[in-house]
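How does the following fold in three dimensions:
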Amino acid sequence: MTGGGCSGFGYKLDFDESVSEDNDMLTEIAGLRVAVDKKSSLYLDGTERDYHEGLEKCSFTFSNPNATKSCGCGSSFSA
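Sure, this is the predicted structure:
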């Protein structure tokens with residue numbers, strides 16, 4: 001999760017070679033290890049992730065029960 005976007009926070013996926021067990025929460029989703037920093041995990045608890053393929057773009061989608069507001073394109077939210 002990053003600061004910014006129309007509504008305050010944005011989702012960010014990236015590859016990382018190092019994980020801090022003191023600062024990151026580790027989970028496994030469909031055989032893929034996922035690290036989320038502990039501060040962001042408070043805003044992402046219960047979030048469902050999906051992958052969408054369409055004619056115009058392919059992207060991950062997020063359904064976040066903690067979001068109180070999101071922008072029209074769905075790439076940022078506030079909580």
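
Next secondary structure after the helix or strand where Lys39 lies?
Element membership for Lys39, per DSSP states H and E: helix 38-44. Of the helices and strands lying after helix 38-44 in sequence (DSSP H and E), the nearest is strand 48-53.

same for that following strand, what does it pack against?
Contacting strand 48-53 under the criterion 3 or more C-beta pairs under 8 Å, 6 or more residues apart in numbering; DSSP states H and E are the following elements: strand 58-63. For the C-beta atoms, the positions are set from N, CA and C on the backbone; glycine is no exception.

mind exporting the strand it packs on as CSV, just the C-alpha atoms?
Once non-C-alpha atoms are left out, strand 58-63 reads as follows in CSV (Å, rounded to 0.1, in the frame of the first residue of the first chain):
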residue,chain,number,x,y,z
CYS,A,58,-5.2,-6.9,-17.6
SER,A,59,-4.9,-6.0,-14.0
PHE,A,60,-5.3,-7.1,-10.4
THR,A,61,-8.5,-6.0,-8.7
PHE,A,62,-9.0,-5.5,-4.9
SER,A,63,-12.2,-5.7,-2.9
